[in-house]
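In: Sequence and predicted structure below; questions after.
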Amino acid sequence: MSGILGRKVGMTVKFGTGGEMIPVTVVQAGPCKIIKRRTLEKDGYEAGVLGFEEVEGAKLKKKALLGFFKKLGTPCYQVIREFRKLKGDVGTDVTVNDFKAGDLLKVTGTSIGKGWAGGIKKWNFSGGRGSHGGNFKRAIGSCGMKEWPGRTLKGKKMSGHMGVERVTTKSIEVVDVLPEDNVIVLKGPITGFDGGLVILEKYGVKKASAAESAA
């Protein structure tokens, strides 16, 4: 399994070989560089650390990372992530050339923020009756106990902040790869806002349908 970091550019459409219109998401992926290897002897597990979006040290948001990159002797990167099954030695470039049309990916991103939401919007609660003096409307109803334990239990579904959560979607198909532009074209929508960071990992390969196999 290999992985790469990228930024979601946006959605568009692509036409298939039969003229069908396919909604796709464009991702600017890489180039990334392996800057460190985690080893079983030293760290207790095997992994590779990828660096993405090289920046000057003065522009790093987390100044503690300056010492990390200085110790490694590598340029500074805005984003670093670990991949457990990433192959390659330190200094190896990871690009979109590692992917091809038909690959299935596991895509991880941060969902779009929707602000403060009530119970009906956030949890799909039902509203109260609209006649005969219900006076319930869109309230969430009772949320505590009168005697014991006399408080609202933790984890109860109530109104609150919605969105900005880590979401992973599996089996996203690669429609096309454009190495000259460091672009991967994915079938359908993916999580996140335009410009948001996404993590792409190989998940499998699309199986040919009966019609494709016969052809």
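Out: Great, that's in hand. Numbering: from 1, shown residues only.

In: quick one, phi/psi of residue 169?
Out: Torsion angles at residue 169 (phi, psi; degrees, to the nearest 10) stand at phi -120, psi 130.

In: Mind telling me what element the residue nearest to it when sequence neighbours are not counted is part of?
Out: Spatial nearest neighbour of residue 169, excluding adjacent residues (C-beta to C-beta, 6 or more residues apart in numbering): residue 107 at 5.1 Å. The C-beta positions use only the backbone N, C-alpha and C, and glycine is treated the same way. According to DSSP states H and E, residue 107 maps onto strand 103-110.

In: which other helices and strands contact that strand?
Out: Secondary-structure packing of strand 103-110 (3 or more C-beta pairs under 8 Å, 6 or more residues apart in numbering; DSSP states H and E): strand 166-178, strand 197-205.

In: so which of those strands comes closest to residue 87?
Out: Distance to residue 87, taken as C-beta to C-beta, is lowest for strand 197-205 among those, at 11.0 Å.

In: List the buried residues of the closest one.
Out: Neighbour-count burial for strand 197-205 flags 197-203 (criterion: 16 or more other C-beta atoms under 10 Å).

In: Residue 172 against residue 184, yeah?
Out: No - counting by C-beta atoms under 8 Å, residue 172 stays clear of residue 184, with 9.9 Å between them.

In: contacting residues for residue 86?
Out: Contacts of residue 86 were listed using C-beta atoms under 8 Å, 6 or more residues apart in numbering, and they are 1-3, 34, 47-48, 50, 94.

In: Just the residues contacting the helix ranked longest in the chain, thanks.
Out: The residue-count maximum for a helix in the chain (DSSP state H) belongs to helix 64-72. The contact list for helix 64-72 (C-beta under 8 Å, 6+ apart) reads 35-36, 57, 60, 75-77, 80.

In: and if you look at stretch 184-191?
Out: Stretch 184-191 is contacted by residues 6, 8, 11, 14, 22-27, 29, 96, 99, 105, 107-111, 167-169, 172-178, 198, 200 when judged by C-beta under 8 Å, 6+ apart.

In: ok, now with 7 Å
Out: For stretch 184-191, the surrounding residues in contact (C-beta atoms under 7 Å, 6 or more residues apart in numbering) are 8, 11, 14, 22-27, 29, 96, 99, 107, 109, 111, 167, 169, 172-177, 198, 200.

In: all helices for this structure, in order.
Out: In the chain, the segments counted as helices under DSSP H are 40-43, 64-72, 119-123, 210-214.

In: any idea which of these is most buried?
Out: Of all the helices of the chain, helix 119-123 has the most neighbours on average by mean count of other C-beta atoms under 10 Å, namely a mean of 16.

In: So what sits opposite the residue nearest to residue 169 in the bridge?
Out: Residue 107 forms beta bridges with residue 169, residue 200, as assigned by DSSP bridges.
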